[in-house]
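Engineer: Just to be clear, the model below is a prediction. Sequence and coordinates:
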Amino acid sequence: MRDYIIRRLLLMIPTLLLISFIVFLMVRFIPGDVVELMVMEHAQQQAGQVELDVEAMRAMMGLDQPIYVQYGEWMSGLAHGNLGESLWTGRTLNDMLVERLPVTFELGLLAFLIAQLIAFPVGIYSAIRQDTMGDYLGRSGAIIGLATPNFWLATMVMVFPAILWGWSPPVCYIPFLDDPITNLKLFIIPAILLGTSMSAVTMRMLRTTMLEVLRQDYVRTAWSKGLRERVVVMRHALRNSLIPVVTIVSGQIPIMIGGTVIMENIFSLPGIGRLFFDAIVTRDYTIVSGLNLVLAGVGLFIILATDLSYAYLDPRVRYK
Amino acid sequence: MVTEKAVVWLMVSCLMAVLLVVVSCAPAEEIGGGMHGTATEEPQYGGSITFWLVSTDYFDPVFSSNAGPCAVLTYDKLVTGDWSRGPGGTGEYSFEADHVPEQFRTGHLAESWEMPDSQTLIYHIRQGVSFHDVPPVNGREMTADDVLYTFEWCQNHPKSTLYVSPAERKAGNLATYSKIDDWTIRVENYQPDIAMLDGASWVFVMPHEMIEEYGDLSDWRHACGTGPFMVENVIEASSATWKKNPDYWMQDPLHPKNQLPYVGTLTGVVMPDETAALSALRTHQLDMLPVAWDKATGVTESNPELMFVERAPRATNVMFMRTDKEPYSDKKVRQALALAIDQQAIAEEYFEGSGYVLTWPCLPVNAEAFTPLEELPEEVRQLYEYHPEKAKELLAESGYPDGFECEVIVYLLPGAVDQCTIVKEYLAEVGVDMEVNVVEGSTFSSLIYGRRYNDLAYCFWGNSSPQSTWGWAHGGVVDSIFNFSGVVDPIAEERFDEWRATQNPAERSRMMKEEYLRQMELCWEIPLVAPAYHMFWAPWLGGFHGEVGLGLTSPMGANERFRYIWIDQDLKYEVTGQR
């Protein structure tokens, strides 16, 4: 197992190198040049009276160098632990991550917990009470959760309470440690919206796998031994149903980053998702490249953790 | 049986209905709303204002475009708009546009200025102004040396509007700055340019100690100016908080005994989503917000206590054309396209009466160069009317009797694609088959700024000063990045040089009007209908009447208004239950 883990960790290096190269190139091929955007934005504010020196700005940002030189400099920075600096503000991505990561982490964690708190009880109940009213309600809820875009829900949550009751979520982000209550007031709604849409997928997969496992001979044996329902379901059926569910759940974590972009924009949360979106829109090449690398690394670790969890869940799975 | 409660509700409903009717009938530029009352006339100290902020990233006053909203609270400029002549004072000027005409400007850190000729500007620096009490500056007095240092720092910084490249320096194309005495600065431009004074609006005076210590002022922790507010805290991409500068030098020009500012705290909140910002306005978490035309009626209905003003837009939708290639190089083709579009119908039907048919390149907000539609010569006025038969004739004369195919690029802005689709239908009636190509925002910018679009480009555009289109798009600078239409107009270029060497304001105004009439007839671009501009604000904001432009020639001065605004805390408590 140890050798397997080491091998997987080592394999991450060439994977990340390849990803870094592809992303570094791709972002520079997107139509729209960052210097032109800067000049445009600056001159719009200055009534176009004076234009910025495009070539001087390009040189100042190192964008006049050949692509391979720029890549080499970026990789050199990475080797020293510097993920890059924003072309617009000059701030390092490291500093931005320190500030923004807790926001996305908190939102993601809350959404994840809410998703599992909804998905597991509903999925298990739907499976053990198949074709009852509870099952139909659970499945209908899942379909609605899957079909309803969470950005639409978020907009409805923003608009109607403001018009009908004069209420809207807090506008200013407060760190959790500064004021936990206000912080949670700000996060709870986007977390619920994100979590409910994630829970639908998990709930459906869990119900399906549970139904399959509940039909197995060893479960029938457990029933016939007179074990209580809770023991049969939780100890025998659920654990054996979890492998596909874990795959689904772990796959949702990177997807959640995409969901957080929308929620962070609508609820004005200063997280990684918004940073990523803004960086792409403003063609902040270094931020996009650096963030992609970070997220790719996180994704690879999640995949590794998922694979290792199979060995825990199913003793028959062994890695050499 | 009719209860007392029912009677009260009926009366309140009738009153609301009457107010709504009154508000909806209010003429443009009259202030509406205020169902629960408005702020007192007598300024009060204290309280806080929360406003919408674009970004928390830019505190460096050198990069003044994005720093504008932030920097203008912490730093002062040399010249500003004269608040005492605005709606709160004599009412001579509304400050509704980014551009502030010369006669409505006043000295700020420069007590006064002179222009002995069109190449020279002399500033008399105000005495008794202190920087914030922040180390290592420690509240010392600002002097002419700081102004000089600022000009020279900006001249060497590529992100500053005063930047001069090495090539330009070598060619001698730069302004020189010198100190005449301890309180007087001379600026000598290398060529005549009467608009030099506008450059003062982009210079925030900085203390040299901060730059020498930290390299630049991009970090908000190093913000140190002479301005009315001091940065207290910033949560990146979320909010910025300023507290009042207790030693601010300025008195209120409308209440000379009062030291400014009145408000104790300002909070700027970054809200990228328009719906969220509107909800925050409705629930009084934001104290002011510009609102899109199609949402404005909803806000007045749901929140009649909010004050608002409706105005002609400061910019308009424009269809740019590649006049450097066929068929748009032919004036008749350009005029034909303009004649084929029924702008009045778009204003009334699509924009539901909130649309404005605007002339281009001069907008109504640039009053000193503007000629109203009804006063235009007939051959120019009809370009803003609907004459499809004449359009067909002109196309036939140009060699396109059956029309032609073309493409317009547009980015996804509210109403933009809709209006392009409407224009497409109008042009189809005269034989022009226009394909609407929707592209992403940054891609659009790159296409239009590099003039890499094929035929037509549609966007929301404006002129912050009356001369800006003339100066950078219609010949003043032929290869300007803003010459989206590729205009080559030697007459415009020659006249622009004459204009900027002319010192008499009345003569400059006459020259602009005359030149713009000529350019309108040439139809380098086609202006399309733009919706009215709405600004909403909380009724407890005293001294505020919807003013926008104090930046002289750019929107970055808008936040200067916070210097003068106060909070009626009793009214705020009555409406919100909070102070």
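Structural biologist: Great, that's in hand. Residues are numbered from 1 along each chain as shown, chains lettered A, B, ... in the order given.
Engineer: In the stretch 201-320 of chain A, which residue sits closest to chain B?
Structural biologist: Closest residue of the stretch 201-320 of chain A to chain B, CB to the nearest CB: residue A:270 (3.6 Å). Using the backbone N, CA and C atoms, a C-beta is placed for each residue, glycine as well.
Engineer: How is that residue assigned, secondary-structure-wise?
Structural biologist: For residue A:270, the assignment made with DSSP: H, G, I helix; E, B strand; the rest coil gives coil.
Engineer: wait, is residue B:332 part of a strand?
Structural biologist: No: judged by three-state DSSP, residue B:332 forms no part of a strand; its state is helix.
Engineer: What is the neighbour count of the residue of the stretch 201-320 of chain A closest to chain B?
Structural biologist: 22 (other CB atoms under 10 Å in any protein chain shown).
Engineer: Look up how far residue B:229 lies from it.
Structural biologist: Using CB to CB, to the nearest Å, residue A:270 is found at 22 Å from residue B:229.
Engineer: hmm, back to that, look up how far residue A:162 lies from the residue of the stretch 201-320 of chain A closest to chain B.
Structural biologist: Distance from residue A:270 to residue A:162, by CB to CB: 22 Å.
Engineer: For the residue of the stretch 201-320 of chain A closest to chain B, give me its contacts.
Structural biologist: Shown in contact with residue A:270 (CB atoms under 8 Å, 6 or more residues apart in numbering or on different chains): A:99, A:100, A:103, A:173, A:264, B:235, B:236, B:237, B:238, B:270.
Engineer: Tell me the predicted confidence for the closest residue in space to it that isn't next to it in sequence.
Structural biologist: Distances taken as CB to CB, 6 or more residues apart in numbering or on different chains put residue B:237 closest to residue A:270, at 3.6 Å, once the chain neighbours are dropped. On the pLDDT scale, residue B:237 is placed at 91.
Engineer: Check the burial of residue B:237 by counting its neighbours.
Structural biologist: Around residue B:237 there are 23 other residues, counting by other CB under 10 Å.
Engineer: Is it part of a helix or strand, or is it coil?
Structural biologist: Quick answer, by three-state DSSP: residue B:237 is coil.
Engineer: hang on, isn't it packed against residue B:54?
Structural biologist: No: using CB atoms under 8 Å, residue B:237 makes no contact with residue B:54, being 10.9 Å away.
Engineer: Quick check: neighbours shared by those two?
Structural biologist: By CB under 8 Å, 6+ apart, the residues touching both residue B:237 and residue B:54 are residue B:270.
Engineer: what are the ranges of the helices in the stretch 201-350 of chain B?
Structural biologist: B:208-214, B:274-282, B:293-302, B:331-339, B:343-345 (DSSP state H, counting those that start in this stretch).
Engineer: Using JSON lines, please lay out these together with mean neighbour count, mean pLDDT and distance to residue B:377.
Structural biologist: As requested, those are exported to JSON lines (neighbours: other CB atoms under 10 Å in any protein chain shown; pLDDT from 0 to 100; distance: least, CB to CB, whole Å):
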{"stretch": "helix B:208-214", "mean neighbour count": "15", "mean pLDDT": "91", "distance to residue B:377": "54"}
{"stretch": "helix B:274-282", "mean neighbour count": "23", "mean pLDDT": "95", "distance to residue B:377": "41"}
{"stretch": "helix B:293-302", "mean neighbour count": "17", "mean pLDDT": "92", "distance to residue B:377": "31"}
{"stretch": "helix B:331-339", "mean neighbour count": "23", "mean pLDDT": "97", "distance to residue B:377": "14"}
{"stretch": "helix B:343-345", "mean neighbour count": "17", "mean pLDDT": "96", "distance to residue B:377": "18"}
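Engineer: Residue B:456 is nearest to which of these?
Structural biologist: helix B:331-339 (8.4 Å; CB to CB).
Engineer: wait, which of the contacts of residue A:270 is closest to residue A:154?
Structural biologist: Nearest to residue A:154 among these is residue A:264, at 10.5 Å by CB to CB.
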